[in-house]
Every structure is written in C-alpha cells, then in structure tokens.
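Asks: coords below, sequence missing:
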C-alpha cells in the first residue's frame, strides 16, 4: 500500500521538482518506508512506499523497466501476480514484487493488462519513447485516484490534499458537490468537493499523449456479472469456495498481518477462513468499550476463542474515543461524516506491529445486510399503492410525516411522491441524510440540482440499461456499491487506515465473488433472516449467537458530546460553512437549534457531517 503522485505537462515540463516533493511529503503516512521521484522533459512522478510484498529496496518506486523505457508508480496489491509472472516469460524480472509484474503486463498487453489483474490498485505507467501516460483504477474502487485535467496538463494523486498542496489548483468548493455532501455526507465520484478536482471511477482507465486523451470503462458490475445457478446447494458451495479463495489470496504478505474482528457475521467468517488457511495463530483486533451498552466485545471474544486467535482488545472509554476525534479528523483527505471508528481500530492495530489487516467490509452490500434489502422489495410488492394517483399518495405521505415527524417518515413522504417505485427512483432517499425540504432552508438557490444518487441509479439500473437484467436485489447491491460503499465506506477505510500506515484488504470485494453473487436469483438471496445466503453457506463456521442477534453497528453517545463538551467545537466548525456565499447562515443556526431541542428529524448524524466539513474547510483553507 502506497501513495502515488504525478504531473504530465503535454507540451513539455515547466514545473519544478520541488512540487512533486511537496506532494510526496503531504502523504508520508501513506508510505513511511521509502520515497522516490522521477523526472524527464514531460513528466514528474512521485511515490511513497508502504512495503508489504518484497520489502527490499530494489522494489522501491518510481520503478523503471529493464530498458528504462517505462516508469511505473503503483498503489495497491495484485494478488495473482505470481501466476501472471509465469505468463510473462519474455520479461527478465529482477524483483519479487507485484509492481514489476504490473509493468511487464503493460509492456506485453498494453491497456488490456487491467483485465488480467486480480486485486486492488491505482497506478500510472509512463512510456518515455511514445510520451504516453496510462492511469488505471481497480474494479471496485478500493484504492483512490484523484486528478485535475486542463488543456496543458494532468495532475494525479492518491490524495486530495497532495494535489491541493501542489499549489497548482484553486482551493474552491464546487457548488453542486457541496449540495451532494449536505444530502449524503459525501460527494459521489467522479466529482469531489473541490471544483477542478475529479476522481477516476472504479473500473476505468485513462490514456494520454500530447494529441490524444482517452477515458474508458473496462469493467462494470452491470455488464460483467455471471448468470445465476439454479440449484441452492450449488450456489452455497460456490459462494463458500469463492470467498475462501478470496481470503487465501489476501493473506499473501511479507509482513505481519491480522484481521479486524467486530463479532459480526462478516468479520467472523473472514477470521474463520483465515484460521483454516494459516498454520499460525491469526492476530485479531477489536475495539471494545468499558461501557457495555456500546460494546460487542463478548461476541468477538467468542470467535477468537473458537479459532484460537491471538486476540487484541482495544479497550476504550467513550471519553477516550471523544479525545481522539480532533486528531482523527485531521486525517480526512476528503471530508466525510463517518470513518472515526476505522481510525481508532487502525491506529491501535498498527501500534501492535501489524502492517496489513483483513476487513469484513462489503458483506452487507453483497448479501443484503441492510434493511433496504427488505424495505424496497416490500414497497414494490404493494401494487395497490400504484393504483392511487400521485397527488393522493403524496397526501398520505404528508399525513404520515405529520403524525410521526421522524427521519423515516420524511423519507416515506418523498418516496410516495414518486411516479414509479422502481429502485432507480426510490433508492436515492434511503441514504439521504438531509432531505430536500430541509436543504432548501440551508442553501440560497432557487432550484436544487438533481439528486446525484438518483443520477447514478438511473445510469446503472434504470429501465433499458444493462443493470435492468440483474435480479432486483442485485440492483440494490449495485446502487449500494456505487454510492454509499465506494464514496463513504471505502474512502474512509482507505484514508483512516492509511493515517496509521496500515493496509486494509477486503475479501468480500473480490471481483470474482462480486460477479457471481450479483447473478444469484432473489429466491436464493432474499434476506428472510440476516444475510441468510451467506450465513447458510458458512453455518458450520459461526455459532448461532453470532448470526441470530440484532445488528449493533458502531453507536456512541454523539448527541451528549455535541450538546456538551464538543458543543463549542461543533459551533466553531459550523460557522465555517456559514461563510460560504450561497449557504443560508440562519438556516444552519436553525438546524443546530432544532438538534438542541431534540427534533426527531435532526439527529446527531444530520449535523455531524456538517461539522466535519467545516473543520476540513478550515484546515485546508478552502474558498466557498
């Protein structure tokens, strides 16, 4: 795991080396083991290395091919690099690293090399002879790649802050992205919170010469899924085999590794598979709280005992956690309303000497672990609702909202306004943090832009798209992958684990498993009980006490903190948002006062992401 930087000036380099060195320095935490810079007449490349595979200095980057024609900077892991190496017999390898295999694969297969890679990655390869630049990102978007493109150059990096600190980009908020953030506590790719800054989408590559620019999608969940099997036993066996293979691949490491163990279904299965594949005790890590109402420690202990792991409990009080919040927020590369829990467990895991850990992230999205996997089909099954005209359904929603006045009832009101109940129309509301009727009081615009979550769902799973051929539950999975998972969970996992120089691997997002699971018919995957297909496929490995209990999540007393010790911190950072010209300062104040009064529609999570945004704006000197 590393960090990469680059500046390609199409007509000839006029930028000093000190710029790429400054970009490298911004993300030392992403790669504390080594630093490198490459420069020629057209390009600057920078790299920070966290050594996981072949830790010798000969594998440091930027890395040059044997003939010095090609130069690569690479972030991530390609798990099948050894098998690929056996196919690349015409290249004389000098290292045991996956980086050199990626380079050799590009030399042999060109742009199509990405179709051969099994892993998580973001990399760039410079061809000195043809003066061309190739940039690619992994299928699921596990590793980040940000860029700024103008008529003169492209600047790219693993880090938003590195690009900002190049001083080649205006630190100005993109208006539509701010609204996207207000709605969803994140900004959906390819956009970022910064006006000129974009994110390469998962499963895409870019190719540049002075005369040519190409952007291509080489993989998509709506085109690359497999047709589902018709036998339940076959489905369960295949799911088990694919996840087992995925875990085994991700245990490849030349440094100490472990696993996050929450005591939930996903992490318990991952740890069980690791124990089966490894001849030594697995290191497992759990955050537990002294206050029992916040702790899942007993469940993690149960799995640790069952598989005889070397278990580490990171015991915190809620006060300990609260004290970490300002430091953790300083590591937000891009603002987010989540991720603090990942910072805590990553920090303590890294302090134990671990450099790589496996995580259960992705299991909920793939196997229907969230309530929406039941809520959306249940709503769609109520055909009688469609017989009522839209205006009548709208009034039903209004009356329901007036009666309950909760976040959930406000979402029901918006859903009932829709002309259709297809997933593409109604999914957008399930992940929305601030609803549009509230947002209109916070933003001084006559008309709000189209909901970005709707745009994504419409493009991927809308009628007459490839996604329409997916089973209905898989359409929800694709929506989750492409919004909340990629732009909140994966981004936070990356930025908060790399804050402690820890690499996190995610077996549930192996593309082979994803392609197979998306094709599984709903009758096999419907979560009648929590993640039923996944649980039934591994029932012999996890006790009933793990899979037959309520989902807890990472819940802490934010309301109490925000009204108490963190109140001044919250108000100070909300004031930063009020300085943006098109933000209604009075609306922000009213939202805060509604939160203090206990308004059911303004829970702590409807405020906290605005606090983190204000803090990020202040720390990074961003213009409104």
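Replies: The structure has been received and is ready for your questions. The structure presented is a predicted model; accordingly, all values stated were derived computationally and were not measured. Numbering: from 1, shown residues only.

Asks: what are the ranges of the strands in the stretch 251-400 of the chain?
Replies: Using DSSP state E, counting those that start in this stretch, the strands of the stretch 251-400 of the chain run over 257-260, 283-289, 310-316, 356-358.

Asks: With residue 430 as the reference, name the closest of these.
Replies: Comparing the strands of the stretch 251-400 of the chain by their distance to residue 430 (Cβ to Cβ), the top pick is strand 257-260, with 25.8 Å. C-beta here means a position set from N, CA and C on the backbone, and glycine is covered the same way.

Asks: got the domain boundaries for the protein?
Replies: What automatic domain parsing lists as the domains of the chain is 2-217, 232-368+480-547, 372-470, 558-619.

Asks: can you tell me the helix or strand for the residue lying closest to residue 121 once chain neighbours are set aside?
Replies: Distances taken as Cβ to Cβ, 6 or more residues apart in numbering put residue 76 closest to residue 121, at 3.4 Å, once the chain neighbours are dropped. Taking DSSP states H and E as the definition, residue 76 sits inside strand 70-78.

Asks: In the sheet, which strands lie alongside that strand, parallel or antiparallel?
Replies: strand 63-64 (antiparallel), strand 119-127 (antiparallel) (DSSP bridges).

Asks: Residue 603 touches residue 559, doesn't it?
Replies: Yes - under the criterion of Cβ atoms under 8 Å, residue 603 makes contact with residue 559 at 7.5 Å.

Asks: And the closest residue to residue 242 other than its chain neighbours, how far from residue 115?
Replies: Leaving aside its sequence neighbours, residue 242 sits nearest to residue 513 (Cβ to Cβ, 6+ apart; 4.3 Å). Distance of residue 513 to residue 115, computed by Cβ to Cβ, to the nearest Å: 17 Å.

Asks: Who has more neighbours out of these two?
Replies: Per other Cβ atoms under 10 Å, whichever of residue 513 and residue 115 has more neighbours is residue 513, with 21 against 11.

Asks: who touches residue 194 in this structure?
Replies: For residue 194, the contacting residues are 160, 164, 169-174, 177, 622, by Cβ atoms under 8 Å, 6 or more residues apart in numbering.

Asks: again, only this time at 7 Å
Replies: Contacts for residue 194 (Cβ atoms under 7 Å, 6 or more residues apart in numbering) come out as 160, 171-174.

Asks: hey, what's it bridged with?
Replies: Beta bridges link residue 194 to residue 173, judged by DSSP bridges.

Asks: any idea how far it is from residue 243?
Replies: To residue 243, residue 194 is 37 Å away according to Cβ to Cβ.

Asks: One more: residue 532?
Replies: As judged by Cβ to Cβ, residue 532 and residue 243 stand 15 Å apart.

Asks: where does the stretch 251-400 of the chain dip in pLDDT?
Replies: Applying pLDDT under 70 to the stretch 251-400 of the chain flags residues 291-295, 382-400.

Asks: repeat for the stretch 401-550 of the chain
Replies: In the stretch 401-550 of the chain (pLDDT under 70), the answer is 401-407, 409, 412, 417-420.

Asks: Next, please give the residue ranges for the helices of it.
Replies: Counting by DSSP state H, counting those that start in this stretch, the stretch 401-550 of the chain has helices at residues 407-416, 423-430, 436-439, 452-461, 472-480, 490-498, 511-518, 522-525, 532-537, 544-547.

Asks: wait, which of these is closest to residue 563?
Replies: Once those are compared by Cβ to Cβ, helix 407-416 is nearest, at 18.4 Å.

Asks: Run the chain-centre distance for the closest one.
Replies: Mean-position distance between helix 407-416 and its chain equals 27 Å (Cα atoms, centre = their mean, to the nearest Å).

Asks: Ok, stretch 505-515 next?
Replies: 14 Å.

Asks: now swap in stretch 276-287 and tell me
Replies: Per Cα atoms, centre = their mean, the centroid offset for stretch 276-287 relative to its chain is 24 Å.

Asks: what about that stretch, start to end distance?
Replies: 24 Å (Cα to Cα, to the nearest Å).

Asks: Run through who's touching that stretch.
Replies: Here stretch 276-287 makes contact (Cβ under 7 Å, 6+ apart) with 247-248, 251, 258-263, 271, 274-275, 297, 300, 304, 307-314, 316, 341, 344-345, 348-349, 354, 357.

Asks: Of the residues you listed, just the buried ones, ChimeraX syntax please.
Replies: Only the buried entries of the contacts of stretch 276-287 go into this ChimeraX selection, using 16 or more other Cβ atoms under 10 Å:
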select :247,248,251,258,259,260,261,262,263,271,274,275,297,300,304,307,309,311,312,313,314,316,341,344,345,348,349,354,357
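
Asks: Surely residue 297 touches residue 288?
Replies: Yes - in this structure residue 297 lies within contact range of residue 288 using Cβ atoms under 7 Å: 3.4 Å.

Asks: any common contacting residues for those two?
Replies: Counting by Cβ under 7 Å, 6+ apart, the contacts common to residue 297 and residue 288 are residue 313.

Asks: all strands in the stretch 101-250 of the chain, in order from the N-terminus.
Replies: Assigned by DSSP E, counting those that start in this stretch, the stretch 101-250 of the chain shows strands spanning 119-127, 132-137, 146-149, 153-157, 198-199, 204-208, 213-217.

Asks: Correction: the previous question concerned the stretch 501-624 of the chain.
Replies: 503-505.

Asks: tell me the average confidence for the lengthiest helix in the chain?
Replies: Taking DSSP state H as the criterion, the chain has its longest helix at helix 232-250. Throughout helix 232-250, pLDDT has a mean value of 97.

Asks: which strands and helices sit next to that helix?
Replies: In terms of contacts (3 or more Cβ pairs under 7 Å, 6 or more residues apart in numbering; DSSP states H and E), helix 232-250 is packed against helix 265-277, helix 511-518, helix 532-537.

Asks: okay, those helices, which one's buried deepest?
Replies: Mean neighbours per residue, mean count of other Cβ atoms under 10 Å, is largest over those for helix 265-277, with a mean of 23.

Asks: That helix versus strand 283-289: what angle between them?
Replies: Taking axes from the mean of the first three to the mean of the last three Cα atoms, to 10 degrees, one finds that helix 265-277 is oriented at 150 degrees with respect to strand 283-289.

Asks: Helix 265-277 vs strand 310-316, what angle?
Replies: Relative orientation of helix 265-277 versus strand 310-316 (the same axes, to 10 degrees): 150 degrees.

Asks: Helix 232-250 and helix 265-277, what's the angle between them?
Replies: Going by the same axes, to 10 degrees, helix 265-277 makes 70 degrees with helix 232-250.

Asks: Pick out the residue nearest the middle of the chain.
Replies: The residue lying closest to the centre of the chain (Cα atoms, centre = their mean) is residue 490, at 1.6 Å.

Asks: okay but it is in contact with residue 138, surely?
Replies: No - Residue 490 lies out of contact with residue 138 (Cβ under 7 Å); the separation is 10.3 Å.

Asks: Out of the helices of the stretch 401-550 of the chain, flag the one nearest residue 609.
Replies: The nearest among the helices of the stretch 401-550 of the chain, by Cβ to Cβ, is helix 490-498 at 11.7 Å.
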